[in-house]
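Student: What follows is a predicted structure for the sequence shown.
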Amino acid sequence: EVQFFHQSKWLVLLCIHSTSAPESPRQFDCRSREKETFSCWWEPGSDGGLPTEYRLFYEIEKGVRECPDYVSAGENSCFFDKRHTSFWAEYIMMVVATNALGNASAQFQIPDVMNYVKPDPPVNVTVVVNSSAPSPFLEIRWKSPPNVDVRTGWVTPKYELRVKQNDSKEWKTVDIGAQTFFNFHNVEHGLLYMVQVRCNLDYGKWSEWSNTIFAKIPKHHQLEKYFWIFVFVFSLIPLLTAMYILVLKRKVVKQCLLPPVPGPKIKGVDVHLLKSGQSEDVVNALTGNQNFPPMAAWTEQVEDFLLVSDSDEWLLTDTFASEEKKDIFIIPASLHLGLEIQCGDSTVDLNTWEKTDDSKEETKSNFLNTEPINLPIEKQECLSGEEVSIQPNTSYVDIQQRPTLTDYSRVKEVNGDTILILNEEEIPHGSDAVKVKREVSVPDDYSRVKEVNSDVVFLEKGDSKPIMPHDSELSKGFCSKMIANGYVDSVPSFSVK
Amino acid sequence: IFFYPGTVKMHMAVYLVAMCRAVPVNDLLDRASQRSDKMHSLSTLLTQEMDSHFPPYGRMQMPRPADCHTSILQTPNDKEQALQVSESDLMSLARSLLRGWVDPLAVLSTNAITLPHPAKSSISSKIQELQEHSKSLADGLDILSGKMGPAAQTISFLPYTGGTDLGQDRVTILNKFNFLLSCLRRDSHKIDSFLKVLRCRAAKLQPELC
């Protein structure tokens, strides 16, 4: 009994199962890959348990037609070839599902097949790494999908590519336009890159991305790197050597580049010594550490007189002169002695000679007397308060030019060995005396008379122009002779400013 | 020859005209197709922008392209047909379509400013740009057609009868606007395709242009 019951259940179950008419197809989609043909697909509904047949009918403009090709595009599809494809025209599609028990249909409107244009992805995508200087880049090439005819102008594909580092997440997308190549420069050495390309037709839908192409940028040439390191190190060595030498010999370099400016120097004079102000040392310096002979009272000495003559004959024949040891100074007529006391200034400062009120006449000496006392005193006076520029080797002082004696007619008086020269007012013009006067610039005023020593009037050189060179030499010689034979009664005590 | 300023000007004018004529047809066609390409790009963007905030029609309610005011013009609908049409006819078709959209573009432009749509400013600026391109292209094609046969001079009259007012309520306005944009997109695609076919055909000696 139980077994029979089970069997009857089975039968009941079998009887309950039934078929029905199919459901209408759902979803409808079309696609044109090249703007020449297109295909449409539908999703079938339930088939009602019975074999169901699907048919597609379309209406375009006028007349209803059936799908020309159910096979080429796969199951539940319809393929429209070139002859059956019209753009800018409306398709009204009807899909009918039919089985033994009934049918069902659905209608789909395709206003413009152009809206469904979606090409295949580009093909033959190649990526070549160009490693030329200065930086590498990717040469990307591709071809339009093979079913797209670009020769007629009917369809114009436009492309887009994208590049990504292998381990990065972001793509860099580039809009290409209608060309089929591109050089991508934003790459670095040693990295792996992925490249993809896609296209669209007439601003329709984008295709799928093409296959991914990998490209690796090689690392920097090791050799090149080593080369530059090599060059760098080698160029550094001479630089370091030069610096080392510079540091070692910095004093020499310093002297070379910045030669010391010579300070003022007086031979034998130590500037520092002068500054320190030890007068004795200064004096020694100035006089050149001469050891002056011991002083003897000059009064014990026999006075030597100098004879002045303007002719050689007198000199030679003068027994008096030859007897004594004395120096005879020959003054040629045209010679203008220049006895100059250089007291450190160009303007010969013989103010100390100037004694306007002094009219002392000493009978015993003439100005050329080697009598030491006068000269040194004068020298002293001259030198007092003045800096002296002395040439230590000769250690004399240049004495100012003296008036020349050319015209003895003007000699006023000869008293013994003294010669009185030049009474101012009596100087006639036009004679040598005038010359003398002029050259000596004998003044009209006696303010320029320095001293009247015995019968000799010392005239100040004043504004007269400088001496002829040989004059000075002579004068120097003259002076030196004088001094050499003269005595200095004391170390000239002068103070140097 | 006297040196008159007048004669100089005249010679200059003649020279300039001669220079103008020296521009090759290929170059002019290339420029024209670039302009039509830009126009089609703009119209495509417009429809996409409309759809982003406007629910697309139900499949049965979508306005039919046959309702476009330019549908009366017979045009080639596929590649074979297009390749068989003569250059002059292709030029005539392109010019006719361009001429037919002068008025509707003006209507679209005025209504875009007050369009009840979130992207109305962007839409409005694109429509203005479209108008400029359309005018420029029409002028260029007028010159080009002068170099072609008499058929190129023929322009079919495609009047727009939709009126300046798109409707009263928001839905109606948006529907009409959307419909016009779809018609525009269709016609800009036609113009672009015809001119590109023309360009390719004229450049037989220079296949790289295609």
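Tutor: Right, received. Where do you want to start? Residues are numbered from 1 along each chain as shown, chains lettered A, B, ... in the order given.

Student: going forward, measure contacts between C-alpha atoms and count neighbours the same way
Tutor: Noted.

Student: is chain B contacted by stretch A:78-86?
Tutor: Yes: Stretch A:78-86 lies within reach of chain B by Cα under 8 Å from any Cα of the partner chain, at A:82, A:85-86.

Student: can I get these in CSV with neighbour count?
Tutor: What follows is the residues of stretch A:78-86 next to chain B, written out as CSV (neighbours: other Cα atoms under 10 Å in any protein chain shown):
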residue, neighbour count
A:Lys82, 14
A:Thr85, 21
A:Ser86, 24
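
Student: The stretch 101-250 of chain A: helices as residue ranges?
Tutor: A:222-248, A:250-257 (DSSP state H, counting those that start in this stretch).

Student: Of all the ones you listed, which one comes closest to B:Leu141?
Tutor: Closest to B:Leu141 of those is helix A:222-248 (Cα to Cα; 59.3 Å).

Student: tilt between that closest one and helix A:250-257?
Tutor: 80 degrees (axes from the mean of the first three to the mean of the last three Cα atoms, to 10 degrees).

Student: Tell me the bridge partners for A:Val64.
Tutor: Beta bridges link A:Val64 to A:Glu59, judged by DSSP bridges.

Student: In the stretch 101-250 of chain A, what residue comes closest to chain B?
Tutor: Using Cα to the nearest Cα, the single residue of the stretch 101-250 of chain A nearest to chain B is A:Gly153, 4.5 Å away.

Student: The helix or strand where B:Asp142 lies near chain A anywhere?
Tutor: In the assignment (DSSP states H and E), B:Asp142 maps to helix B:120-145. No: applying Cα under 8 Å from any Cα, one finds that helix B:120-145 is not in contact with chain A, the shortest distance being 15.9 Å.

Student: immediately after that helix, which helix or strand?
Tutor: Once helix B:120-145 ends, the next helix or strand along the chain (criterion: DSSP H and E) is helix B:170-202.

Student: buried sites along the helix holding B:Asp142?
Tutor: Within helix B:120-145, the residues scored as buried using 16 or more other Cα atoms under 10 Å in any protein chain shown are B:120, B:123-124, B:126-128, B:130-131, B:133-134, B:137-138, B:140-142, B:144-145.

Student: quick revisit: worst mean pLDDT among the helices of the stretch 101-250 of chain A?
Tutor: Lowest mean pLDDT of the helices of the stretch 101-250 of chain A: helix A:250-257, a mean of 81.

Student: export that helix as CSV, just CAs?
Tutor: C-alpha atoms of helix A:250-257 as CSV (Å, rounded to 0.1, in the frame of the first residue of the first chain):
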residue,chain,number,x,y,z
ARG,A,250,100.5,81.4,1.2
LYS,A,251,103.1,83.9,2.4
VAL,A,252,104.8,83.9,-1.0
VAL,A,253,101.4,84.2,-2.7
LYS,A,254,100.5,87.0,-0.4
GLN,A,255,103.6,88.8,-1.2
CYS,A,256,103.1,88.2,-4.8
LEU,A,257,99.6,89.4,-4.9
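
Student: Near chain B, which residues of chain A? Just list them.
Tutor: When proximity is defined as Cα under 8 Å from any Cα, chain A approaches chain B at A:36, A:82, A:85-90, A:108-109, A:111, A:150-155, A:202-203.

Student: out of these, which are inside strands?
Tutor: A:108-109 (DSSP state E).

Student: Quick one, which of the residues of chain A next to chain B are buried?
Tutor: Buried residues within the residues of chain A next to chain B, counting neighbours by 16+ other Cα under 10 Å: A:36, A:85-90, A:108-109, A:111, A:150, A:152-155, A:202-203.

Student: pLDDT weak spots in chain A?
Tutor: Applying pLDDT under 70 to chain A flags the ranges A:1-17, A:133, A:221-223, A:266, A:268-497.

Student: ok, then the element right after the helix or strand of chain B with the lowest mean pLDDT?
Tutor: When the helices and strands of chain B are scored by mean pLDDT, DSSP states H and E, helix B:5-21 comes last with a mean of 55. Along the chain past helix B:5-21, the next helix or strand (assigned with DSSP H and E) turns out to be helix B:25-53.

Student: packing partners for that next one?
Tutor: If contacts are counted by 3 or more Cα pairs under 8 Å, 6 or more residues apart in numbering or on different chains; DSSP states H and E, helix B:25-53 sits against helix B:120-145, helix B:170-202.

Student: how close does A:Asp112 sit to A:Asp47?
Tutor: Applying Cα to Cα, to the nearest Å, the value for A:Asp112 to A:Asp47 is 30 Å.

Student: Skipping adjacent residues, who's closest to the residue in chain B that chain A sits nearest to in space?
Tutor: Of all residues in chain B, B:Val197 sits closest to chain A, at 4.5 Å by Cα to the nearest Cα. The shortest distance from B:Val197 to any non-neighbouring residue, by Cα to Cα, 6 or more residues apart in numbering or on different chains, is to A:Gly153 (4.5 Å).

Student: show me the residues around the one you found that make contact.
Tutor: Listed by Cα atoms under 8 Å, 6 or more residues apart in numbering or on different chains, the contact set of A:Gly153 reads B:193, B:196-200, B:210.

Student: Closest to A:Arg198 out of the residues you listed?
Tutor: B:Cys210 (19.4 Å).

Student: Pick out the shakiest of the helices and strands packed on helix B:25-53, pLDDT-wise.
Tutor: Among the helices and strands packed on helix B:25-53, helix B:170-202 carries the lowest mean pLDDT (a mean of 91).

Student: mind listing what's buried in that one?
Tutor: Buried residues in helix B:170-202, counted by 16+ other Cα under 10 Å: B:173-202.
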